[in-house]
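Student: Need a 3D model of the following:
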Amino acid sequence: MKKIIAALCLAFPAAPIVAATTAAPAVLKADQQLQQRMAELGLKPTSVANAPVPGLLQVFTDRGLFFASSDGQYLIQGEVFDLKNKVHVNEEVMKPMRLAGINKMTPSAIEFKAKNEKFVVTVFTDTDCGYCRKLHSEIQDYLDAGISIHYLAYPRGGENSQTFSTLESIWCSKDKQGAMSKAKGGSEVSVAKCDNNVAAQYHLGQSFGISGTPAIVLPDGSLIPGYQPAAALAATLTQLAKR
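Tutor: Numbers count the residues shown, from 1 in each chain. Below is the predicted model:
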């Protein structure tokens, strides 16, 4: 099944879909029911609207996207594909949500800016993640390819982990870039305290449905779950810019 889903994700290029967002009475009624039922599951719905799939609602939560029956009784978690139009519904629904969240968080991102910038990507990162370290060890390759990197924090172990504390120290450091490079190189970072939004960045990643790092968000809101070499990422971004 995972192979089938992966194949569908690759086979279906990005294509616009139109979803009704008007809060009809039926949606409002289902919203009230969902709020209660999802709260029992430890989920917090942030918005409910008609989905592109007839008879379903799309429910954005603090833990990602879900679909629900119109009466609010059934909850669905998983990938949805429009076979006729060859659209990965989850991705198309999530793109604008990701962009809106990232635009609000960008001012607090740690930026590694390309001298001849062609593209900007946002990378949710963890200092103890092997592929996060690999990506960062090749940071110059990305910059040389014209790709600026905006880092946001995503401590996989959660808010009580040592990684969370390390990320806070990085974001509170006077030299954030240097602290990030030091941590990604396996060295300890000096403890620093300040008002920061590392937790907010982590929660944003959770709301995108991110569960691993690195997670790369492209300029159109698409998500690449995992590491991608600079040359491959540049090719992806170039192709995206042509659409």
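Student: Tell me the buried residues in the helix or strand in which Gln140 is found?
Tutor: Using DSSP states H and E, Gln140 maps to helix 139-144. Residues 139, 142-143 are the ones in helix 139-144 that count as buried (16 or more other CB atoms under 10 Å). Backbone N, C-alpha and C define where each C-beta goes, glycine included.
Student: Residues touching it, excluding its own?
Tutor: 112-115, 135, 149, 181, 229-231, 233 (CB atoms under 8 Å, 6 or more residues apart in numbering).
Student: ok, then the element right after that helix?
Tutor: Counting by DSSP H and E, what follows helix 139-144 is strand 147-153.
Student: can you list the residues that contact whatever helix or strand comes next after that following strand?
Tutor: Counting by DSSP H and E, the element after strand 147-153 in chain order, helix or strand, is helix 162-172. Outside of helix 162-172, the residues within contact range by CB under 8 Å, 6+ apart are 108, 110, 126-128, 153, 155-158, 176, 179-180, 183, 189-194, 196-199, 202.
Student: how near is the residue nearest to Phe66 when sequence neighbours are not counted to Met105?
Tutor: Closest residue in space to Phe66, ignoring its immediate chain neighbours: Val59 at 4.6 Å, by CB to CB, 6 or more residues apart in numbering. Distance, Val59 to Met105, by CB to CB, to the nearest Å: 22 Å.
Student: of those two, who's got more company?
Tutor: Val59 (26 against 18; other CB atoms under 10 Å).
Student: residues in contact with that one?
Tutor: Counting by CB under 8 Å, 6+ apart, Val59 has contacts 34, 38, 45, 47-48, 65-68, 75.
Student: Which of the three states applies to it?
Tutor: At Val59 the chain is in strand, as set by DSSP: H, G, I helix; E, B strand; the rest coil.
Student: picking up where we left off before, please indicate which of the contacts of helix 139-144 are buried?
Tutor: 112, 114, 135, 149, 181, 230, 233.
Student: Those in helices, which ones?
Tutor: Counted as lying in helices by DSSP state H, out of these, are 135, 181, 230, 233.
Student: which one of those residues is nearest Asp220?
Tutor: The shortest approach to Asp220 among those belongs to Leu233, at 13.8 Å (CB to CB).
Student: Is Gly101 in contact with Gly209, as I believe?
Tutor: No - with contact defined as CB atoms under 8 Å, Gly101 does not count as touching Gly209 (11.8 Å).
Student: thinking again about what came up before, any chance of the buried ones among the contacts of helix 139-144 in JSON lines, plus pLDDT?
Tutor: Converted to JSON lines, these look like this (pLDDT from 0 to 100):
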{"residue": "Phe112", "pLDDT": "98"}
{"residue": "Ala114", "pLDDT": "98"}
{"residue": "Leu135", "pLDDT": "98"}
{"residue": "Ile149", "pLDDT": "99"}
{"residue": "Ser181", "pLDDT": "98"}
{"residue": "Ala230", "pLDDT": "98"}
{"residue": "Leu233", "pLDDT": "98"}
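Student: now, which of those residues sits nearest Gly55?
Tutor: Leu233 (37.9 Å).
Student: For that closest one, which non-adjacent residue is closest in space?
Tutor: Ile147 (6.3 Å).
Student: any idea how far Val80 is from Leu65?
Tutor: Taking CB to CB, one finds Val80 at 9 Å from Leu65.
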